[in-house]
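Colleague: quick one: sequence plus predicted model below, questions after.
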Protein chains: 2
Amino acid sequence: MNRINLITLGVQDIHKSLTFYREGLGFKTSVSDRNPEVVFFNNQGTKLALFPVEELAKDIGEELIGQKQGFSGITLAYNADSKEGVDRFIGNARDAGATILKEPETVFWGGYSGYFSDPDGHIWEVAYGDMWEFDENEMLIIK
Amino acid sequence: MNRINLITLGVQDIHKSLTFYREGLGFKTSVSDRNPEVVFFNNQGTKLALFPVEELAKDIGEELIGQKQGFSGITLAYNADSKEGVDRFIGNARDAGATILKEPETVFWGGYSGYFSDPDGHIWEVAYGDMWEFDENEMLIIK
């Protein structure tokens, strides 16, 4: 069955981003270095990784360095099981230094949603919807 | 436990991208419209969604429209269970019109990896490593 195994975020300062995701948002990792070469988080679902953006660009083999700007056209989402869970996650992000792009609010499809950007501008949506169902891995059930 | 529930790719032409991911790469969806408003795929792990990039930008509430260019600094990865699986996935992507950024090759960490970009320039790595372990949902085991 098809799948996404890994999302790699290219980052400018891996120590800063590790701190943001581990201390700020509570993602778990066994990494103990202060400035690791790469970080893999042991989260549910598709795993999150951090890698220096210049290394990531080199790995792809394109002349991508320095081209990052504007909107990437990609968002990651954390779907909470309550409005309070949304507020808590956005609050953790704010405390960790995220830029809040949109405070959580009731949105047109009936849910409750906000957006923030991480230290490198990668955008997360944090949302709750009372119609959502989750499987045993806290992944959405898509019908 | 922390998690990523959804990755949303902003797309210019949702019919074209639906065809790429469904017919080209074999992602499953119950969507039957030719030009749906949004597509959710029923894949393993974090779910993949397609949404018009302008709508996605509007949803975030930022003046992001038209800013997409260059390297987003994000890659998605499909981790295969063999080198042949990498070649097959890259082959499917090529047949579906993807731009192959790097043909699969043996890489410095001992694995076998290639990259392609989808119709909107979103970048995927397709890789195999004989040291990887997968759980029952075909997600990587991160230790």
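Modeller: Alright, I've got the coordinates. Numbering: from 1, shown residues only, chains lettered A, B, ... in the order given.
Colleague: now do the same for A:Leu56: helix, strand or coil?
Modeller: helix (DSSP: H, G, I helix; E, B strand; the rest coil).
Colleague: try A:Ile7
Modeller: Applying three-state DSSP: A:Ile7 is strand.
Colleague: what's in contact with the longest helix seen in chain A?
Modeller: When chain A is parsed with DSSP state H, its longest helix is helix A:83-95. Contact partners of helix A:83-95, identified using CB atoms under 8 Å, 6 or more residues apart in numbering or on different chains, comprise A:24-26, A:78, A:80, A:100, A:103-104, A:112-114, A:116, A:118, A:124, A:126-128. The way it works is simple: take the backbone N, C-alpha and C, and place the C-beta from them, glycine included.
Colleague: mind giving me the PyMOL select for these, buried ones only?
Modeller: Entered in PyMOL, the line below selects the buried ones among the contacts of helix A:83-95, by 16 or more other CB atoms under 10 Å in any protein chain shown:
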select buried, chain A and resi 24+25+78+80+104+112+113+114+116+118+124+126+127+128
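Colleague: just the contacts of helix A:83-95 that are near chain B?
Modeller: When CB under 8 Å from any CB of the partner chain is applied, the members of these adjacent to chain B are A:Leu25, A:Gly26, A:Tyr78.
Colleague: any chance you could read off phi and psi for the last one?
Modeller: Backbone torsions for A:Tyr78, taken as degrees, to the nearest 10, come to phi -110, psi 120.
Colleague: contacts only, for it.
Modeller: Counting by CB under 8 Å, 6+ apart, A:Tyr78 has contacts A:Phe89, A:Trp124, A:Glu125, A:Val126, A:Ala127, B:Asn2, B:Arg3, B:Ile4, B:Asn5.
Colleague: quick one: neighbours of the first one, just the number.
Modeller: By the criterion of other CB atoms under 10 Å in any protein chain shown, A:Phe89 has 23 neighbours.
Colleague: next, format the ones next to chain B among the contacts of helix A:83-95 as TSV and append distance to A:Glu133 and pLDDT.
Modeller: Output for the ones next to chain B among the contacts of helix A:83-95, formatted as TSV (distance: CB to CB, whole Å; pLDDT from 0 to 100):
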residue	distance to A:Glu133	pLDDT
A:Leu25	24	85
A:Gly26	24	85
A:Tyr78	16	91
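Colleague: Throw the residues you listed into a markdown table and include distance to B:Trp132, thanks.
Modeller: Listed next are the ones next to chain B among the contacts of helix A:83-95 as a markdown table, based on distance: CB to CB, whole Å:
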| residue | distance to B:Trp132 |
| --- | --- |
| A:Leu25 | 25 |
| A:Gly26 | 25 |
| A:Tyr78 | 25 |
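Colleague: the lowest-mean-pLDDT helix or strand in chain A and chain B, are they touching?
Modeller: When each helix and strand of chain A is scored by mean pLDDT, DSSP states H and E, helix A:53-60 comes last, with a mean of 80. Yes - against chain B, helix A:53-60 shows contacts by CB under 8 Å from any CB at A:Val53, A:Leu56, A:Ala57, A:Asp59, A:Ile60.
Colleague: secondary structure element holding A:His42?
Modeller: Just so we're on the same page, residue A:42 is Asn rather than His. Assigned by DSSP states H and E, A:Asn42 belongs to no helix or strand.
Colleague: rewinding a little: buried residues in the longest helix of chain A, which are they?
Modeller: A:Lys83, A:Gly85, A:Val86, A:Asp87, A:Phe89, A:Ile90, A:Asn92, A:Ala93.
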